[in-house]
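Q: any chance you could fold what I've pasted below:
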Amino acid sequence: MADREMDYKELAAATGLHPVTANKLKNTYVMPPRLDRGTLEKLCQVLDCQPGDLLRWVPDQEGSL
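A: The predicted model follows:
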């Protein structure tokens, strides 16, 4: 989003997400508790990217399974 100079209001309008949701997605580095497939698809379509461009896997600390 930053690479495309898109603010959260533009993201909300383009994806149909609620502005509060778009703001949280844009301004957080923590995985939202309910990021569903549909939302991820909308984000990828609007931003012309792949899920891996938006997400990265960080393993939990050892022994916290």
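
Q: contacts, neighbours, all on C-alpha from now
A: Will do.

Q: which residues touch the one residue sitting closest to the centre of the chain?
A: Central residue of the chain (Cα atoms, centre = their mean): residue 25, 4.6 Å from the mean position. Listed by Cα atoms under 8 Å, 6 or more residues apart in numbering, the contact partners of residue 25 are residue 32.

Q: tell me the buried residues in the longest helix seen in the chain?
A: Longest helix in the chain by number of residues (criterion: DSSP state H): helix 37-47. For helix 37-47, a neighbour-count test (16 or more other Cα atoms under 10 Å) marks 42-44, 47 as buried.

Q: would you turn these into a markdown table with distance to residue 20?
A: What follows is these, written out as a markdown table (distance: Cα to Cα, whole Å):
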| residue | distance to residue 20 |
| --- | --- |
| 42 | 16 |
| 43 | 15 |
| 44 | 19 |
| 47 | 18 |
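
Q: between the residues you listed, which is nearest residue 53?
A: Lowest distance from residue 53 to these (Cα to Cα) belongs to residue 44, with 8.7 Å.

Q: okay, now the closest residue to the closest one other than its chain neighbours: neighbour count?
A: Among residues not flanking residue 44 along the chain, residue 50 sits closest, at 5.8 Å (Cα to Cα, 6 or more residues apart in numbering). By other Cα atoms under 10 Å, the residues close to residue 50 number 13.

Q: go on, residue 33?
A: The burial count for residue 33: 6, using other Cα under 10 Å.

Q: give me phi/psi at it?
A: Dihedral pair for residue 33: phi -70, psi -20, per degrees, to the nearest 10.

Q: could I get the full set of helices for this structure?
A: Counting by DSSP H, the chain has these helices, from start to end: 8-15, 19-26, 37-47, 51-54.

Q: what residues does the shortest one touch?
A: By that I understand helix 51-54. 40, 44.

Q: quick check: buried residues in stretch 21-30?
A: By 16+ other Cα under 10 Å, the buried positions in stretch 21-30 come out as 22-23, 25.
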